[in-house]
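Participant: The following comprises the amino acid sequence and a computationally predicted model.
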Number of protein chains: 2
Amino acid sequence: MAIDKEINAEQKIIEAAADIFEEKGFEGARMQQIADKAGINKALLHYYFRSKDLLFEKVFLNIASKIFLKFFKSFNIEGSIFENIETFLQLHQDLLYENRKLPIFFFNEITRNPDLIRKLMLKLEVSNSFQLILKQFEKEKRDGIIRHDVEVSHLLVNIISLSVFPYIGRPIIKEIMEEFDLNYDTFLNERRSMIAQFVINSIKV
Amino acid sequence: MAIDKEINAEQKIIEAAADIFEEKGFEGARMQQIADKAGINKALLHYYFRSKDLLFEKVFLNIASKIFLKFFKSFNIEGSIFENIETFLQLHQDLLYENRKLPIFFFNEITRNPDLIRKLMLKLEVSNSFQLILKQFEKEKRDGIIRHDVEVSHLLVNIISLSVFPYIGRPIIKEIMEEFDLNYDTFLNERRSMIAQFVINSIKV
DNA sequence: GTCTATATTGGGATAGAC
DNA sequence: GTCTATCCCAATATAGAC
């Protein structure tokens, strides 16, 4: 038989499940929908993954790992901290733009089931990766590149807040903007350079 | 009969439903749980609200209206823009601290059903209230109090992002902080003054 | 208005043929 | 491995007594 000429059922299921879960969340997703989207039968879902819970966990960790790895990779850049922040934000925005539904899905699921975070952290070195970033920030502070009163953990949360939140608040921001004949996508695009400027203004000495 | 000595069933249902829906979301909530919490029978839920959908819509609009009104009220303050931002952020943080589960609930529900936003906007003057805030910002810009290159709609979204996001990301932030023996509540408290400082540093001329 | 009992359907899961 | 048919429970909703 041909080597992987046809993508196998297991993979088709994972991809279909990812779409449906992201769209509807765990509670809202239906095994039937996933089967339909994967072009296979409902029974096969259980053959491969035993239960909805197990399928979800597999898919969730898959999605989250992929995105976190890309996220962390975007921080490993030479150059000044200001350039780093700008580059990181550009990549971060690309990532978000291509995965608009991911943030609300991710945060909703970990809120309903915090155990997912622990499992994710076992799979990846989440804490360590964050710590590396924080150490980089600390160094810039010691070197007098950024203000001495900047608390690095807050700085990191601030950067993430500024880039992620507009995607979480999408429905209401979009609706309000449209009332004033403004375009939400244009708004997101403006933020690419704006956020970096906002952060840099705030932390430079 | 005594005038409202005992809170009536309808009100008890609304309060119980608010708790359960906030905790579990629309899809995860169970009519039985709501009835139990309200101390009444399941059938009574349908007697008063006809269906889960209708009960949810009522409760959602209730909760959202209350919070938005408080939110907007906190902006109507005399004084300099910098004082305003500080006062607003203090009140906003109080509001969030007392309603920790609300942000993820709110944003998740409007994502799954954007029609809720339209209904909310019909009930309240959401857009107008935001526009008032933006006009205030514009004036400060014209008066040279804040940098001329600050785009006011982004400024508003930035302020909201910085205060709301840490509540949405609570499970993961908390987990990571605990790995480093840091306390999430302390972190939130530090942000009360930190955010205002961060924003002001960024926009002052 | 409030209850008990029951209808009804939706959806996750399994049995068993092929 | 993949399918059809079916089970079975959970959850929304309704009927009808009081």
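Facilitator: Perfect, thanks for sending it.

Participant: Looks to me like A:I40 is in a strand.
Facilitator: No. In this structure, A:I40 is coil, not part of a strand, as judged by DSSP: H, G, I helix; E, B strand; the rest coil.

Participant: Confirm for me that it is in contact with A:K12.
Facilitator: Yes. Counting by C-beta atoms under 8 Å, A:K12 is a contact partner of A:I40 at 6.8 Å. All C-beta spots, glycine's among them, are computed from the backbone N, C-alpha and C.

Participant: So, low pLDDT: which residues of chain A?
Facilitator: A:1-6, A:76-77 (pLDDT under 70).

Participant: Longest helix of it, counting residues only.
Facilitator: helix A:52-73 (DSSP state H).

Participant: Now do the same contact list for A:F105.
Facilitator: A:F21, A:E22, A:G25 (C-beta atoms under 8 Å, 6 or more residues apart in numbering or on different chains).

Participant: how about a cut-off of 10 Å?
Facilitator: Going by C-beta atoms under 10 Å, 6 or more residues apart in numbering or on different chains, A:F105 touches A:18, A:21-26, A:60, A:63-64, A:99, B:108, B:111.

Participant: Which single one of these is nearest to B:F56?
Facilitator: B:N108 (12.7 Å; C-beta to C-beta).

Participant: where's that closest one, which helix or strand?
Facilitator: Element membership of B:N108 [criterion: DSSP states H and E] is helix B:102-112.

Participant: ok, back up a step: just the buried members of the contacts of A:F105?
Facilitator: Among these, the ones that count as buried by 16 or more other C-beta atoms under 10 Å in any protein chain shown are A:A18, A:F21, A:E22, A:K24, A:G25, A:F26, A:F60, A:I63, A:A64, A:N99, B:N108, B:T111.

Participant: Touching, A:P103 and A:S161? I think so.
Facilitator: No. Using C-beta atoms under 10 Å as the test, A:P103 is too far from A:S161 to be in contact (11.3 Å).

Participant: what touches both of those two?
Facilitator: Residues touching both A:P103 and A:S161 (C-beta under 10 Å, 6+ apart): A:I168, B:F165, B:I168, B:G169.

Participant: How about the contacts made by A:G144?
Facilitator: By C-beta under 10 Å, 6+ apart, the neighbours of A:G144 are A:V205.

Participant: Need phi/psi at it.
Facilitator: phi 80, psi 20 (degrees, to the nearest 10).

Participant: how far away is it from A:K37?
Facilitator: As judged by C-beta to C-beta, to the nearest Å, A:G144 and A:K37 stand 55 Å apart.

Participant: do A:H92 as well
Facilitator: Taken as C-beta to C-beta, the span from A:H92 to A:K37 is 29 Å.

Participant: Same drill for those two, tell me which one is more crowded.
Facilitator: Applying other C-beta atoms under 10 Å in any protein chain shown to A:H92 and A:K37 shows that A:H92 carries more neighbours, namely 21 against 16.

Participant: returning to what we had before: what about the helix holding B:N108 and DNA strand C, touching?
Facilitator: No. Residues of helix B:102-112 are not located near DNA strand C by C-beta under 7 Å from any atom of the strand, the shortest gap being 13.7 Å.

Participant: Run the chain-centre distance for that helix.
Facilitator: 10 Å (C-alpha atoms, centre = their mean, to the nearest Å).

Participant: Wait, A:I85 touches A:L155, no?
Facilitator: Yes. Applying C-beta under 10 Å as the test, A:I85 and A:L155 come out as touching, 9.3 Å apart.

Participant: count of residues packed around A:F106?
Facilitator: With other C-beta under 10 Å as criterion, A:F106 counts 24.

Participant: what sits against it?
Facilitator: A:22, A:60, A:63-64, A:67-68, A:99, A:116, A:120, A:164, A:168, B:168-169, B:172.

Participant: For the helix or strand where A:I117 lies, buried residues please.
Facilitator: Using DSSP H and E, A:I117 sits in helix A:115-123. Within helix A:115-123, the residues scored as buried using 16+ other C-beta under 10 Å are A:L116, A:I117, A:L120, A:M121.

Participant: before we move on, what about stretch A:84-95?
Facilitator: So for stretch A:84-95, counting by 16+ other C-beta under 10 Å, buried means A:N84, A:I85, A:E86, A:F88, A:L89, A:L91, A:H92, A:Q93.
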